[in-house]
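Asker: Any chance you can model this:
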Amino acid sequence: QVQLVESGGGLVQLGGSLRLSCAASGFTFSGHAMSWYRQAPGKEREPIAGIRGDGGRTTYEDSVKGRFTISRDNAKNRVYLQMNSLKPEDTAVYYCNSPAIVNIYNYWGQGTQVTVSS
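Answerer: Predicted coordinates for the structure are as follows:
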């Protein structure tokens, strides 16, 4: 079955960096676009970065553009999010997923908490 395991979150100071990792299994990873989402306290979960199945195209939400970089390793079935110049408003639980899996199964992993202190 589909499994998504996020890791790499933690507590970081303003301006710091973190690299999130997501291990995927149970589906044809290279055939699926993948996205990172985040959910801040009291807010809806929102997509912030996406990458095509072959890694050839990436998209970013405006608030993270220029600071975050999404990448993937199809040989390892992993997707990554490099986060630089972190701000307190980046504090959230971060999730990876495939938009197709969200639409069909509405399955989510446990996420990884990122907290940015000022």
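Asker: What are the buried residues along the worst-scoring helix or strand of the chain on mean pLDDT?
Answerer: Sorting the helices and strands of the chain by mean pLDDT, DSSP states H and E puts helix 99-105 at the bottom, at a mean of 88. The neighbour-count criterion (16 or more other CB atoms under 10 Å) identifies 101, 102 as the buried residues of helix 99-105. C-betas here are computed from N, CA, C, even on glycine.
Asker: next structured bit after that helix?
Answerer: Stepping forward along the backbone from helix 99-105, the first helix or strand reached (DSSP states H and E) is strand 112-117.
Asker: got the contact list for that following strand?
Answerer: With contacts defined as CB atoms under 8 Å, 6 or more residues apart in numbering, strand 112-117 is touched by 6-14, 16, 18, 20, 38, 83, 86-95.
Asker: Give me the contacts around the least confident helix or strand of the chain.
Answerer: Identification of contacts with helix 99-105 by CB under 8 Å, 6+ apart yields 2, 27, 32, 33, 35, 47, 50, 107, 108.
Asker: Buried among the residues you listed? Make that a PyMOL selection.
Answerer: With 16+ other CB under 10 Å as the criterion, this PyMOL line picks the buried residues out of the contacts of helix 99-105:
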select buried, resi 27+32+33+35+47+50+108
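Asker: Where is the longest strand in the protein?
Answerer: Taking DSSP state E as the criterion, the chain has its longest strand at strand 18-25.
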